[in-house]
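Trainee: Here is a sequence together with a model predicted from it:
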Amino acid sequence: MYGLTRSLLFRFDAERAHRLGVAGLRQLGHLPGLCRSLRERALAGATEALAMDVAGLRFAHPVALAAGLDKEAEAVDGLFACGFSAVEIGTLTPRPQPGNPKPRLFRLPEHRAIINRMGFNNHGATAAAERLRQRAWHPGPLGVNVGKNKDTPLEKAVDDYVACVDALAPLGDYVVVNASSPNTPGLRKLQEPEQLSALLAAVQERLGQVAPGKPLFLKIAPDLTPEAVDEVVDVARHQRLAGLIATNTTIARPFEHPLAKEAGGLSGAPAREPANAVIRRAYQRSGGGLPIIGVGGVFTAEDVYEKLRAGASVVQVYTGFIYEGPGMVRRILPALAALLARDGFTRAADAVGADHREAPAPRA
């Protein structure tokens with residue numbers, strides 16, 4: 001059925017289709033009985049063996065929704081109805097901002113990909129906080145992804161992140177510092193060790209004041225060198241972060257396409273392996289001691305399983321959801337359980353980092 005819906009949505013330009021999709025999910029959220037029924041159906045394959053415990057949070061299974069789809073906390077309940085174990089909203093900034101000029105969102109169906117340069121378009125943290133206060137249904141963890149306003153100087157970025165923590169942290173189950181979007185000028189400089197350490201220390205301090213014990217994650221870029229990944233992991237551990245989200249969109253263009261020269265971050269199938277490489281490196285550097293939420297190029301149960309084995313404990317989707325539709329989670333869960341059983345894992349948690357524990361087979 002989604003095939004027909006997708007073909008209709010794909011007749012519109014990408015951003016208008018996105019708004020229509022979010023509007024539909026928002027309307028669904030106004031029907032609590034239907035949301036619960038749809039979620040129960042989507043989770044029919046979510047056995048206890050698929051549950052994950054990360055940073056003190058319980059995930060019914062490893063498949064969650066990444067930030068970027070519901071920037072404004074408009075459609076949280078509708079998204080939970082689709083079966084996601086967790087939903088992450090944002091990126092949100094302290095003050096409203098329109099984002100970058102349109103067009104700024106492009107579909108590349110031949111590559112199962114999207115390019116976006118949205119630029120943190122949102123109505124501000126205060127408006128999102130008001131919507132979150134009105135929610136009564138909490139079937140899984142809610143993540144709050146925060147960033148800085150475009151016109152805030154980099155040297156003042158800490159103030160923006162702290163302001164978002166003040167407004168939103170008490171209303172979410174975990175907080176994500178987004179220092180890796182390629183669509184806010186200079187933002188990725190915040191991933192450099194000295195600036196990153198100062199930023200995370202300030203956010204942790206304020207988080208401890210307004211929402212004690214709330215887990216803090218850092219979302220990083222797929223374009224970091226292996227050595228830069230090591231530095232980020234070291235800073236994250238020193239600042240006692242709950243974990244990393246790996247990764248954001250990439251500025252690489254590993255294919256030829258008429259839209260490939262469009263500025264922005266690339267997501268979808270071409271981002272799968274770059275994200276996996278960062279997950280592997282981060283897992284290795286931390287010795288498995290820093291939880292990782294993996295994201296990038298997830299469409300199937302095989303994609304989820306691959307990220308678990310690389311070192312992720314939870315796997316987020318975004319572009320895959322655009323292409324696969326609201327039945328995505330329901331299809332993935334039984335297939336993921338079959339993959340785990342095939343390889344002798346009784347629990348999904350046992351597969352996390354498996355590739356690092358198994359010696360490569362000898363050459364023939």
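Mentor: Yep, it's here.
Trainee: contacts and neighbour counts: CA atoms only from here.
Mentor: Will do.
Trainee: Okay, strands next: where are they in the stretch 201-350 of the chain?
Mentor: Secondary structure of the stretch 201-350 of the chain (DSSP state E, counting those that start in this stretch): strands located at 216-220, 243-246, 265-268, 292-295, 314-317.
Trainee: tell me the average confidence for the longest one?
Mentor: For strand 216-220, the mean per-residue pLDDT is 98.
Trainee: So what touches stretch 138-150?
Mentor: Under the contact criterion Cα atoms under 8 Å, 6 or more residues apart in numbering, stretch 138-150 has outside partners 57-60, 67, 80, 85-95, 97, 119-120, 157, 160-161, 164-165, 168-169, 172-179, 184-185.
Trainee: Pass me the low-pLDDT residue ranges in this structure, would you?
Mentor: Applying pLDDT under 70 to the chain flags the ranges 359-364.
Trainee: max-length helix in it?
Mentor: Longest helix in the chain by number of residues (criterion: DSSP state H): helix 193-210.
Trainee: now the most centrally placed residue in the chain: how far from Glu110?
Mentor: In the chain, the residue lying closest to the centroid (Cα atoms, centre = their mean) is Ala66, at 2.7 Å. The gap separating Ala66 from Glu110 is 22 Å, by Cα to Cα, to the nearest Å.
Trainee: about what we covered before: mind listing what's buried along the longest helix of the chain?
Mentor: Along helix 193-210, these residues count as buried under the neighbour rule (16 or more other Cα atoms under 10 Å): Pro193, Gln195, Leu196, Ser197, Leu199, Leu200, Ala201, Ala202, Val203, Gln204, Arg206, Leu207.
Trainee: and it, how far from the chain's centre?
Mentor: Chain-centre distance of helix 193-210: 21 Å, with Cα atoms, centre = their mean, to the nearest Å.
Trainee: dump the residue contacts of Arg206.
Mentor: Val162, Val165, Asp166.
Trainee: So which of those residues wins on neighbours?
Mentor: Taking other Cα atoms under 10 Å as the neighbour criterion, Val165 ranks highest of these with 28 neighbours.
Trainee: what's next to stretch 281-289, contact-wise?
Mentor: Here stretch 281-289 has contacts from Pro226, Val229, Asp230, Val233, Asp234, Leu290, Ile292, Ala310, Gly311, Gly353, His356, using Cα under 8 Å, 6+ apart.
Trainee: Now do the helix or strand Gly78 falls within: which elements does it pack against?
Mentor: Following DSSP states H and E, the helix or strand that holds Gly78 is helix 76-81. With contacts defined as 3 or more Cα pairs under 8 Å, 6 or more residues apart in numbering; DSSP states H and E, helix 76-81 has these neighbours: helix 14-29, helix 32-42, strand 87-92.
Trainee: among those, which is the most enclosed?
Mentor: Sort the helices and strands packed on helix 76-81 by mean neighbour count, taking mean count of other Cα atoms under 10 Å, and strand 87-92 sits at the top with a mean of 27.
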